[in-house]
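[1] output the structure for:
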Amino acid sequence: MPGREGRRWVTVTTAFLIAAIAVLTGVAPAQAQDEPDPAQELAERYAPIIMIKSQEADCDADGEPYGPYPIDIVLDNPEVVLRQVGNGDPVVKVAPTAADLFGLNEGFYVDFPGSALNPQCIYEQDFDKYTDGLEPTVYARVSQQDDEPDRLFVQYWFYWYFNDWNNKHESDWEGIVLEFEASSTQEALQVGPNRVGYAQHEGGEAGRYDATKLEREGERPVVYSSAGSHASYFDSGIYLGRSASEGFGCDDTTGPSTRLDPVVVLLPAEVTSADDPFAWLEFDGRWGERQSGPFNGPTGPSSKERWAEPADWFDELRLSSVVIPASDGAVDGVIGAFCGVVEAGSNLIIRFTVSPLVTVIGLAIVFFIARAVVRRTEWSVVPARPLVQRRRAGQILRGASATHWRQPTTYILFGLVCIPAGLITGVLLAVVSWLPGVSPLIDFVGGTGGTSIFSAALAGSLANVLAFVLMSAVVTEHIERGDDGWDAAKESVRRGWRSWRALLGAYARSFAIVFVLLASIIGIPWGIRQLVRYQFASQVVVREGRSGGDALRRSSALVIGRWWHTAAVVAVVQGVVALVALTVGLLLLVAVAGLPLWAFGLLNGLVYALILPLAAIAITLLYGDAVAAERDAVSAIESSDEPTSERIPT
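    Numbering: from 1, shown residues only. Model prediction:
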């Protein structure tokens with residue numbers, strides 16, 4: 001038998017031979033096999049949880065039908081083709097694979113079934129078919145920038161099959177990036193993330209990893225994906241975009257939301273061969289059909305700044321996003337209009353791109369209808385004084401503008417009267433809303449904005465209406481008295497406000513009547529009828545000295561027989577005023593993108609107050625026309641041979 005020294009050499013030799021055999025056969029020792037990849041471990045530890053807006057039904061436009069899934073759904077897919085730009089964009093490959101795409105330049109694009117500018121439900125149905133049996137997936141990449149060796153980044157890339165927002169297009173690459181103050185993956189595993197950046201359109205938002213705005217599940221960040229655009233946000237809400245960085249429009253991440261826990265696929269540091277499963281990363285063409293401008297299919301991850309220069313991209317991120325508050329103020333009206341205008345403009349561009357002739361014909365029809373309506377009235381200037389005289393609709397509109405322009409300082413003063421009145425009313429409403437059972441009533445009456453009781457029931461706020469009532473009284477007093485100048489303006493304010501009890505009594509009754517009719521549902525037509533009939537209550541109170549129910553009855557008597565005329569003029573007047581105020585508000589919103597919403601609200605309120613006297617002047621002139629029409633009718637009857645019993649009462 002060999003001695004102890006001999007047995008030791010036998011053991012060492014045997015171990016050496018086993019190790020050599022393992023290396024030659026590719027079988028690693030058990031400890032090496034079980035050792036995890038640090039990059040994979042890091043990527044999975046901080047993998048994002050993605051919240052998408054839930055759909056109530058298939059093809060529900062308000063929800064999010066898509067999710068982040070592997071790019072495999074479009075690779076080697078017999079319904080997807082690879083096209084080359086030029087000569088009709090011929091198909092060069094059906095069901096292109098990752099190897100087929102390797103090394104191709106921007107002269108090629110992948111084309112899906114359907115038309116991006118007229119998606120209907122095709123993309124959603126195809127997406128459901130292609131992803132059947134697959135799990136949501138995100139791609140992860142651990143990277144560093146050469147000139148920032150002490151910062152390490154984990155990029156998460158989300159692939160979305162279709163972008164159904166203002167800029168509709170096939171495919172969408174979004175994601176988030178985690179920043180570590182570390183020089184290696186192993187060090188990053190020890191220190192944890194320092195900051196996180198959420199990609200949003202051409203920019204994004206950054207925050208510290210311990211910030212309160214970042215929602216986490218354990219160590220994993222929660223991402224709220226905007227419905228349609230797939231921009232990533234820190235919270236649920238509606239976000240305002242006024243630039244390329246923010247996106248131009250409104251992003252919606254509000255709930256209810258569906259939670260996605262995606263699989264993490266780690267991307268290699270580089271791809272050098274078409275045989276690599278990730279050869280598609282070296283495709284420089286478009287992932288989606290070729291269209292003009294924002295409707296073009298996007299390029300892949302490797303063409304983005306955050307792929308090659310993550311530190312530079314990260315340092316350019318904003319520290320916050322503009323959240324639209326959930327309130328019923330005038331700010332929301334302008335912002336809501338902004339969102340709608342952007343969406344409508346996008347849809348108009350899409351329609352023109354798809355059917356230019358039909359779009360031009362439609363716009364031409366609208367133009368000629370508007371022109372015919374404008375030419376049906378007279379636009380000569382009729383002085384505001386005397387107040388009681390006949391005026392056509394065009395003369396009322398032009399007369400209101402001329403009156404305001406002739407004494408701008410005076411009517412700006414009258415408009416500013418609305419500001420304290422609105423503030424006082426807002427405080428009173430805030431106090432009253434605390435009373436049990438009152439809040440639902442306030443919400444119903446004050447949840448809509450406008451400049452008179454007519455527009456208040458449709459789109460205005462109670463505070464604006466009451467302020468407008470007082471201002472209308474001041475304007476009526478000023479036009480009726482016939483005096484100009486600063487002293488006359490102050491006297492008009494004093495006398496107009498002196499009637500506040502009678503004005504409040506008349507409008508309290510009108511609100512009560514209109515509220516009951518509108519709340520009954522079946523009484524809505526009668527409610528609208530009464531809204532128009534009560535238009536002249538302020539003018540009747542000031543000029544004729546009536547109050548309460550008597551003022552409302554008198555206003556109704558003036559409107560009878562002229563209901564459609566009154567309704568049309570009031571609608572046009574307030575539509576013009578609202579359009580001017582809205583246009584100025586939109587210009588402010590876009591031109592001063594960094595302006596906080598509270599400051600924008602103050603400016604918008606000031607602009608609104610300055611423009612509002614136009615509506616008060618126009619409705620006062622409309623009242624003067626109604627009184628003149630009644631006077632002429634009575635005079636005609638009195639001068640005729642008809643019996644006295646058939647005369648129109650005054």
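[2] now the strands for the stretch 201-350 of the chain?
    Counting by DSSP state E, counting those that start in this stretch, the stretch 201-350 of the chain has these strands, from start to end: 203-208, 216-217, 220-225, 232-233, 238-243, 247-252, 257-260, 263-266, 286-287, 322-323.
[3] which one of these lies closest to L518?
    Smallest distance to L518 across these (CB to CB): 27.4 Å, for strand 238-243. Where you see a C-beta, it was placed from the backbone N, CA and C, and this is true even at glycine.
[4] what's the closest non-adjacent residue to G415?
    A609 (4.3 Å; CB to CB, 6 or more residues apart in numbering).
[5] surely that neighbour meets L416?
    Yes: A609 is in contact with L416 according to CB atoms under 8 Å; the separation is 5.9 Å.
[6] thinking again about what came up before, got JSON lines for the strands of the stretch 201-350 of the chain, with mean neighbour count, distance to R371 and mean pLDDT too?
    Output for the strands of the stretch 201-350 of the chain, formatted as JSON lines (neighbours: other CB atoms under 10 Å; distance: least, CB to CB, whole Å; pLDDT from 0 to 100):
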{"stretch": "strand 203-208", "mean neighbour count": "20", "distance to R371": "43", "mean pLDDT": "94"}
{"stretch": "strand 216-217", "mean neighbour count": "12", "distance to R371": "59", "mean pLDDT": "95"}
{"stretch": "strand 220-225", "mean neighbour count": "23", "distance to R371": "46", "mean pLDDT": "96"}
{"stretch": "strand 232-233", "mean neighbour count": "24", "distance to R371": "45", "mean pLDDT": "95"}
{"stretch": "strand 238-243", "mean neighbour count": "20", "distance to R371": "34", "mean pLDDT": "78"}
{"stretch": "strand 247-252", "mean neighbour count": "23", "distance to R371": "31", "mean pLDDT": "80"}
{"stretch": "strand 257-260", "mean neighbour count": "16", "distance to R371": "48", "mean pLDDT": "96"}
{"stretch": "strand 263-266", "mean neighbour count": "16", "distance to R371": "60", "mean pLDDT": "96"}
{"stretch": "strand 286-287", "mean neighbour count": "24", "distance to R371": "43", "mean pLDDT": "96"}
{"stretch": "strand 322-323", "mean neighbour count": "18", "distance to R371": "39", "mean pLDDT": "79"}
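[7] of those, which is nearest R509?
    From the strands of the stretch 201-350 of the chain, taking CB to CB, the stretch that ends up closest is strand 238-243, at 37.9 Å.
[8] returning to that earlier point: how about the strands of the stretch 201-350 of the chain, which one is nearest S492?
    Using CB to CB, the nearest of the strands of the stretch 201-350 of the chain to S492 is strand 238-243, at 40.0 Å.
[9] what pairs with that closest one, parallel or antiparallel?
    Partners of strand 238-243 in the sheet, by DSSP bridges, are strand 247-252 (antiparallel), strand 322-323 (antiparallel).
[10] what's the offset of it from the middle of its chain?
    Remark: strand 238-243 is offset 7 Å from the chain centroid, using CA atoms, centre = their mean, to the nearest Å.
[11] what does stretch 191-207 give?
    Relative to the centre of its chain, stretch 191-207 is centred 23 Å away, using CA atoms, centre = their mean.
[12] please apply the same query to stretch 607-623.
    Centre-to-centre, stretch 607-623 and its host chain are 29 Å apart (CA atoms, centre = their mean).
[13] in it, what's buried?
    607-623 (16 or more other CB atoms under 10 Å).
[14] element containing the closest residue to S257 other than its chain neighbours?
    Nearest residue to S257 in three dimensions, chain neighbours excluded: M51, at 4.2 Å (CB to CB, 6+ apart). If you go by DSSP states H and E, M51 is part of strand 49-53.
[15] after that strand comes which helix or strand?
    Counting by DSSP H and E, what follows strand 49-53 is strand 81-84.
[16] what sits up against that following strand?
    Residues outside strand 81-84 that contact it (CB atoms under 8 Å, 6 or more residues apart in numbering): 89-96, 100-101, 107-111, 290.
[17] tell me which of those residues is nearest to P149?
    Compare each of these with P149 using CB to CB and the shortest gap goes to L101, at 32.5 Å.
[18] if I look at the nearest residue to that closest one once chain neighbours are set aside, what pLDDT would I see?
    With sequence-adjacent residues excluded and distances taken as CB to CB, 6+ apart, L101 is closest to F283, at 3.8 Å. We have a pLDDT of 96 for F283.
[19] likewise for H404?
    pLDDT, H404: 84.
[20] nearest spatial neighbour of it, chain-adjacent residues omitted?
    Among residues not flanking H404 along the chain, Y411 sits closest, at 5.0 Å (CB to CB, 6+ apart).
[21] correct me if wrong: the one you found contacts A615.
    No: using CB under 8 Å, Y411 makes no contact with A615, being 11.1 Å away.
[22] what touches both of those two?
    Common neighbours of Y411 and A615 (CB under 8 Å, 6+ apart) do not exist.
[23] burial count for G175?
    For G175, the count of nearby residues is 26 (other CB atoms under 10 Å).
[24] element containing it, please.
    Element membership for G175, per DSSP H and E: strand 169-180.
[25] restrict that strand to CA atoms and write it as PDB.
    Presented in PDB, the C-alpha positions along strand 169-180 are these (Å, rounded to 0.1, in the frame of the first residue of the first chain):
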ATOM      1  CA  HIS A 169     -47.400  55.300 -34.600                       C
ATOM      2  CA  GLU A 170     -46.500  51.700 -34.600                       C
ATOM      3  CA  SER A 171     -44.100  50.600 -31.800                       C
ATOM      4  CA  ASP A 172     -43.000  52.600 -28.900                       C
ATOM      5  CA  TRP A 173     -39.800  52.400 -26.800                       C
ATOM      6  CA  GLU A 174     -40.100  53.800 -23.300                       C
ATOM      7  CA  GLY A 175     -38.500  53.100 -19.900                       C
ATOM      8  CA  ILE A 176     -36.800  54.200 -16.800                       C
ATOM      9  CA  VAL A 177     -33.100  54.500 -15.700                       C
ATOM     10  CA  LEU A 178     -31.600  53.900 -12.200                       C
ATOM     11  CA  GLU A 179     -28.500  55.700 -11.200                       C
ATOM     12  CA  PHE A 180     -26.000  54.300  -8.700                       C
END
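[26] okay then, goodbye and thanks.
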